[in-house]
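K.L.:
sequence and predicted structure below; questions after.
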Amino acid sequence: MRALALIASLAMLTACSKHSSEEYPALLPLDQILDDQPLSPDPAPDLEARAAALKARADMLRADQSATTAQ
């Protein structure tokens with residue numbers, strides 16, 4: 001019974017692999033995969049500048065609101 005299940009599963013795998021018309025993707029050399037170059041520019045400076053601008057705007061709005069409610 002086990003042998004029949006094994007033969008059937010191998011036959012299905014073989015049948016599935018023969019109908020595939022796609023080629024395997026090209027493999028990259030290890031030197032290119034393990035390269036330490038950054039993939040994209042670092043977004044941190046732009047995000048920090050944007051955060052600082054938002055904090056300044058929030059502080060300004062809080063100051064305006066406290067000045068309005070104090071009157």
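P.N.:
Nice, I can see it. Nothing here was measured: the structure is a model prediction, and the numbers come from that model.

K.L.:
remind me which residues of this structure are low pLDDT?
P.N.:
16-22, 38-39 (pLDDT under 70).

K.L.:
for it, which segments count as helices?
P.N.:
With DSSP state H, the ranges of helices along the chain come out as 2-18, 30-33, 44-70.

K.L.:
for Tyr24, which of those is the nearest?
P.N.:
Nearest of the helices of the chain to Tyr24, taken as Cβ to Cβ: helix 2-18 at 11.4 Å. All C-beta spots, glycine's among them, are computed from the backbone N, C-alpha and C.

K.L.:
follow-up on the earlier one: any chance of the helices of the chain in JSON lines, with distance to Tyr24 and mean neighbour count too?
P.N.:
Shown next, in JSON lines, are the helices of the chain (distance: least, Cβ to Cβ, whole Å; neighbours: other Cβ atoms under 10 Å):
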{"stretch": "helix 2-18", "distance to Tyr24": "11", "mean neighbour count": "9"}
{"stretch": "helix 30-33", "distance to Tyr24": "17", "mean neighbour count": "8"}
{"stretch": "helix 44-70", "distance to Tyr24": "38", "mean neighbour count": "10"}
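
K.L.:
contacting residues around Leu54?
P.N.:
Residues counted as contacts of Leu54 (Cβ atoms under 8 Å, 6 or more residues apart in numbering): none.

K.L.:
oh sorry, the question was meant for Gln65
P.N.:
Here Gln65 is in contact with no residue (Cβ under 8 Å, 6+ apart).

K.L.:
what about it, distance to Leu54?
P.N.:
Distance, Gln65 to Leu54, by Cβ to Cβ, to the nearest Å: 16 Å.

K.L.:
also Asp42?
P.N.:
Applying Cβ to Cβ, the value for Asp42 to Leu54 is 20 Å.
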